[in-house]
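1. My questions concern the predicted model and sequence given below.
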Amino acid sequence: MGRKLFIVAAVLLLAACGRIVVSPGKSALSENERLKLAAIYASKGEDALALREYADILNENKKSAPAYFGIGNIELKKKDYKEAVTNFIKAVEIDPSNGVFHNNLGWAYMEDGDIGKAEEEIRAAFTADPEKGYIYYDTLGVIKTRSRDFTKAEGAFLESIRNAPASDEAGLKEVYGHLLELYRASGQVEKAGAMK
């Protein structure tokens, strides 16, 4: 009899605690949790689910710079550069102190063919967050490569390599890949061959 009573009491307790009451139109997750969820979806290539999460966040908070940034990154990946620019601009307007927001806006401008605005945003990134300068030097190097200013591109890539933390192996690999592209584009066959 005591065991049955315990089981019934446990079931009733779980039933009472298992219900989460949420206001209509509100999520049970915090904005930060939803941003993490959207980033996980995006990292798995589930862009539609990520975009849905970002849209839901923006329905509740129109001032969520990370949500606009996340949408911009997905649009950039999809090569919809105008939409990427639009969303990165919103992120930058809300949080101009985030250098990575400026960096990605610069990248989107570059992809959209506006090298001048791309360089402006990279300068803004350096000003906003000099700690991540090695990232911005890499982007600047790609911009200079695209504009065929190979000397400045090489200088930017080498500066990125000098300043990158050794622990950022993926980032360094990307910079070396961009440097290799520069050497190939500029016809520096010996330097390109030495990197293989």
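-> Yep, it's here. Residues are numbered from 1 along each chain as shown.

2. Name the nearest residue to residue 31, ignoring sequence neighbours.
-> residue 57 (5.8 Å; C-beta to C-beta, 6 or more residues apart in numbering). Every residue, glycine included, has its C-beta placed from N, CA and C.

3. residues contacting that neighbour?
-> Contacts for residue 57 (C-beta atoms under 8 Å, 6 or more residues apart in numbering) come out as 31, 34, 35, 38, 64, 67.

4. ok, 7 Å please
-> 31, 34, 35, 64, 67 (C-beta atoms under 7 Å, 6 or more residues apart in numbering).

5. For residue 31, see how far away the spatially most central residue of the chain is.
-> With distances taken as C-alpha atoms, centre = their mean, residue 73 lies nearest the centre of the chain, 5.6 Å away. From residue 73 across to residue 31, the span is 17 Å (C-beta to C-beta, to the nearest Å).

6. distance of the residue nearest to the centre of the chain from residue 39?
-> Using C-beta to C-beta, one gets 9 Å for the distance from residue 73 to residue 39.

7. same question, residue 100
-> Distance from residue 100 to residue 39, by C-beta to C-beta: 13 Å.

8. Which residue, neighbours along the chain excluded, lies closest to residue 186?
-> residue 150 (4.1 Å).

9. scratch that, residue 154 is what I was asking about
-> Per C-beta to C-beta, 6+ apart, closest to residue 154 is residue 182, 6.1 Å.

10. For the one helix or strand the one you found maps to, list every residue counted as buried.
-> Using DSSP states H and E, residue 182 falls within helix 169-185. Neighbour-count burial for helix 169-185, counted by 16 or more other C-beta atoms under 10 Å, picks out 171, 172, 174, 175, 178, 179, 180, 181, 182, 183.

11. who are the neighbours in contact with the residue nearest to residue 154?
-> Residues near residue 182 by C-beta under 7 Å, 6+ apart: 141, 145, 150, 153, 154, 157.

12. From the buried residues of helix 169-185, pick the one nearest residue 190.
-> Among those, residue 183 lies closest to residue 190 (C-beta to C-beta), at 8.5 Å.

13. and that closest one, how far is that from residue 40?
-> From residue 183 to residue 40 the distance is 36 Å (C-beta to C-beta).

14. Can you give me the buried ones in the helix or strand where residue 158 lies?
-> Residue 158 belongs to helix 150-163 when assigned by DSSP H and E. In terms of neighbour count (16+ other C-beta under 10 Å), helix 150-163 has its buried residues at 150, 153, 154, 156, 157, 159, 160, 161, 163.

15. Go through the residues you listed and say which is closest to residue 119.
-> residue 156 (11.0 Å).

16. Please report the distance of the nearest residue to the closest one once chain neighbours are set aside from residue 122.
-> Leaving aside its chain neighbours, residue 156 sits nearest to residue 141 (3.6 Å; criterion: C-beta to C-beta, 6+ apart). Distance, residue 141 to residue 122, using C-beta to C-beta: 10 Å.
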